[in-house]
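Colleague: I'll drop the sequence and a predicted model, then ask my questions.
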Amino acid sequence: MKKTFMYNFIPSKEEEEACKASGTPWVVTGELVEIRDIYPALVINPNNPWQIKKVITDFEESGKMLVLSFIDIFEHVFRYWTLDTVKSATSGHKMSVYFWDVTNENSLNKCEESYIEMIDDENYALVSIELFSKCGLVVNDVIGLYWNPKCLNFRFKLLKKGRA
């Protein structure tokens, strides 16, 4: 099931009268809901599973976090989470996640002390000091990332080492 926000733009007669009586303006409200997918989730290609590719920025390196857009998080991560878990994340709570670094296929690294949090209305941060230190991530590194719905964790790979 896909998660999306449903907004209430038009007040009911009772809400309109309550606003008039109290002298306060109508405030548009939104609620996170689940809807049936019109299009199924993308099938993860085992040869190139990296649904999210990005270049590490100064901001991300200094904060030891990966900043992901609202669309990337909702399309590639939240669609696999339960509605209650997504509501908790979109309400501003930190949600613990795991990373598996698969850069070296012979030696997989698990990063446990990681979490996802909303940093503003448009972006989410995947914070992992352990991932940045183990992989030596710096500005201009190109990384690939995807949520593994079977194992309930992120898979991470350093695709190209950048030059600072």
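Modeller: Looks like it came in fine. The structure displayed is predicted, hence computed values, not measured ones. Residues are numbered from 1 along each chain as shown.
Colleague: where exactly do the helices run in this structure?
Modeller: Per DSSP state H, the chain carries helices over the ranges 13-22, 58-63, 70-76, 83-90, 129-135.
Colleague: Identify whichever of those helices lies nearest to Ile52.
Modeller: Ranking those by distance to Ile52, with CB to CB as the measure, places helix 70-76 first at 5.2 Å. All C-beta atoms are positioned from the backbone trio N, CA, C, and that covers glycine.
Colleague: quick one: contacts of that closest one?
Modeller: For helix 70-76, contacts defined as CB atoms under 8 Å, 6 or more residues apart in numbering pick out 2-4, 42, 51-52, 116, 121-124, 146-147.
Colleague: Kindly recompute the last result at 6 Å.
Modeller: Under the contact criterion CB atoms under 6 Å, 6 or more residues apart in numbering, helix 70-76 has outside partners 51-52, 122, 124, 147.
Colleague: Which single one of those residues is nearest to Ser107?
Modeller: When these are compared for distance to Ser107 (CB to CB), Trp147 comes out closest, at 22.1 Å.
Colleague: for this protein, what spans make up the strands?
Modeller: Along the chain, the stretches classed as strands by DSSP state E are 2-8, 29-35, 52-55, 65-69, 95-101, 109-118, 123-127, 142-148, 153-160.
Colleague: What angle do strand 109-118 and the fifth one make with each other?
Modeller: Think strand 95-101. Using axes from the mean of the first three to the mean of the last three CA atoms, to 10 degrees, the interaxial angle of strand 95-101 with respect to strand 109-118 works out to 140 degrees.
Colleague: elements contacting strand 95-101?
Modeller: Contact partners of strand 95-101 among helices and strands, from 3 or more CB pairs under 6 Å, 6 or more residues apart in numbering; DSSP states H and E: strand 109-118, strand 153-160.
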